[in-house]
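**Student:** Quick check, what structure comes out for this input:
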Amino acid sequence: MLPTYLLSLREGLEAALIIGIVLGALAKIRRTDLSPAVWLGTLSAIGVCILTAVMLTAFGTSLEERAEQIFEGVTMLLAAGILTWMIFWMGRQARFLKSELEDGINKAAARSEAGKRAVFWLAFFAVVREGVELALFITAAFFVGDKADITNNVAQTLAGTILGLGTAVLLGYTIFATTVRLDLRRFFQVTGLLLILFAAGLVAHGVHEFNEVAWIPSVIDHIWDVNAILDENSVAGQLMKTLFGYNGNPSLTEMIAYFGYIAAILLLWMRENTVPAKATAESRA
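**Tutor:** Now for the predicted structure:
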């Protein structure tokens, strides 16, 4: 539940901020008559995202043996790749997001009769991008979970998603409706670091699935076995597996992928967050 909660919170907050900015821009130019189009675009995007998540999960669970392993492996690596891109994209674009959206709203509102359609599609595409990403992440998190208890896995996934989105809506409303100011840069940094660890687990799990179908050689099937200490099928083991891709007896290539990903992404992460700090210090000097 925790991974889907974290993913839903981050993606949901991004979507909530976007909708808040769009509604705020309409209020600023006194075109609140276009607000229903924003909500219609938002609800339509949510419907598309729910359908995407259901279709991906249903398709994956309908497969068997080798086909299922290939699907899971591709889903894990694709989700890890998009998740990584999202983390860095938000870090770069957050400061320009508000001005770009307000500019788009001003242009859309100026189109008289076409204004409603333009605002609808602006809201739709802004939310559907976040939602489709979340649908893919939730599907990946679902397959990482306990396959032996599908009912519990579904319940945990749904609970985490609903709680995460609910928290995101509350945070988004609080930010725009009150004087409370959330340090969004710090928020995205902290959640970004946690999601990097989650993405590393997805990479390792994807490599594990490809080990199973012999697409990637294991080299050494089990470089260690610590299941006697922390069984991957125990409650704690399942939690660690879902959160960070824990495997009690991983292959060599699985561990190379896991630690290689973390090392490479953390180097890029530090570089991304060090350069802006230096630029800000120089500008102040």
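**Student:** and A123, what helix or strand is that in?
**Tutor:** Using DSSP states H and E, A123 sits in helix 115-144.
**Student:** what's that helix packed up against?
**Tutor:** When contacts are defined as 3 or more Cβ pairs under 8 Å, 6 or more residues apart in numbering; DSSP states H and E, helix 115-144 sits against helix 2-28, helix 35-62, helix 65-109, helix 150-177, helix 184-212, helix 235-244. Placement of C-beta: from N, CA and C, glycine included.
**Student:** Any buried residues in the last one, and which?
**Tutor:** What it means is helix 235-244. Buried residues in helix 235-244, counting neighbours by 16 or more other Cβ atoms under 10 Å, are found at 237-238, 240-244.
**Student:** tell me the angle it makes with helix 115-144.
**Tutor:** Here the directions of helix 235-244 and helix 115-144 differ by 140 degrees (axes from the mean of the first three to the mean of the last three Cα atoms, to 10 degrees).
**Student:** what sits up against helix 235-244?
**Tutor:** For helix 235-244, the external contacting residues (Cβ atoms under 8 Å, 6 or more residues apart in numbering) are 2-3, 141, 144-146, 197-198, 200-201, 227, 230-232, 246-248.
**Student:** run the last query once more with 7 Å
**Tutor:** Residues outside helix 235-244 that contact it (Cβ atoms under 7 Å, 6 or more residues apart in numbering): 2-3, 141, 144-146, 197-198, 201, 230-232, 246, 248.
**Student:** Show the average pLDDT along that helix.
**Tutor:** For helix 235-244, mean pLDDT is 79.
**Student:** Same question for the second one.
**Tutor:** Computed over helix 35-62, the mean pLDDT rounds to 90.
**Student:** And the first one, by the same measure?
**Tutor:** In this model, helix 2-28 has an average pLDDT of 83.
**Student:** And it, what does it pack against?
**Tutor:** Using 3 or more Cβ pairs under 7 Å, 6 or more residues apart in numbering; DSSP states H and E, the elements in contact with helix 2-28 are helix 35-62, helix 65-109, helix 115-144, helix 150-177, helix 184-212, helix 235-244.
**Student:** what's the closest of these to G20?
**Tutor:** With Cβ to Cβ, the closest approach to G20 among the helices and strands packed on helix 2-28 belongs to helix 150-177: 4.2 Å.
**Student:** in the closest one, what counts as buried?
**Tutor:** Within helix 150-177, the residues that count as buried by 16+ other Cβ under 10 Å are 153, 156-157, 160-161, 163-165, 167-168, 171-172, 175.
**Student:** And for A126, the neighbour number?
**Tutor:** Using other Cβ atoms under 10 Å, A126 has 24 other residues around it.
**Student:** wait, I meant V219
**Tutor:** Residues near V219, counting by other Cβ under 10 Å, number 12.
**Student:** Let me know the distance separating G131 from I196.
**Tutor:** Distance, G131 to I196, using Cβ to Cβ, to the nearest Å: 22 Å.
**Student:** who's more crowded, those two?
**Tutor:** Counted by other Cβ under 10 Å, G131 and I196 do not tie: G131 has more neighbours, with 23 against 20.
**Student:** hang on, the earlier thing: which one of the buried residues of helix 235-244 is nearest I216?
**Tutor:** K241 (19.4 Å).
**Student:** low-confidence ranges in the stretch 101-250 of the chain?
**Tutor:** For the stretch 101-250 of the chain, the stretches with pLDDT under 70 are 111-114, 145-149, 179-184.
**Student:** The same query, at a cut-off of 80, please.
**Tutor:** 101-102, 104-115, 141, 144-154, 175-191, 235, 238-239, 242-243 (pLDDT under 80).
**Student:** Give the rounded mean pLDDT of stretch 68-86.
**Tutor:** The model assigns stretch 68-86 a mean pLDDT of 90.
**Student:** What would that stretch look like as PDB? C-alpha coordinates only.
**Tutor:** Taking Å, rounded to 0.1, in the frame of the first residue of the first chain, the C-alpha atoms of stretch 68-86 are listed here in PDB:
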ATOM      1  CA  GLU A  68       3.400 -13.200 -18.000                       C
ATOM      2  CA  GLN A  69       7.100 -12.900 -17.100                       C
ATOM      3  CA  ILE A  70       7.900 -11.000 -20.200                       C
ATOM      4  CA  PHE A  71       5.000  -8.600 -19.700                       C
ATOM      5  CA  GLU A  72       5.900  -8.000 -16.100                       C
ATOM      6  CA  GLY A  73       9.600  -7.400 -17.000                       C
ATOM      7  CA  VAL A  74       8.700  -4.900 -19.700                       C
ATOM      8  CA  THR A  75       6.200  -3.200 -17.400                       C
ATOM      9  CA  MET A  76       8.700  -2.900 -14.600                       C
ATOM     10  CA  LEU A  77      11.500  -1.400 -16.700                       C
ATOM     11  CA  LEU A  78       9.100   0.900 -18.600                       C
ATOM     12  CA  ALA A  79       7.600   2.100 -15.300                       C
ATOM     13  CA  ALA A  80      11.100   2.700 -13.900                       C
ATOM     14  CA  GLY A  81      12.200   4.600 -16.900                       C
ATOM     15  CA  ILE A  82       9.100   6.900 -16.900                       C
ATOM     16  CA  LEU A  83       9.400   7.300 -13.200                       C
ATOM     17  CA  THR A  84      13.000   8.400 -13.500                       C
ATOM     18  CA  TRP A  85      12.100  10.900 -16.300                       C
ATOM     19  CA  MET A  86       9.200  12.200 -14.200                       C
END
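**Student:** Understood, closing this out.
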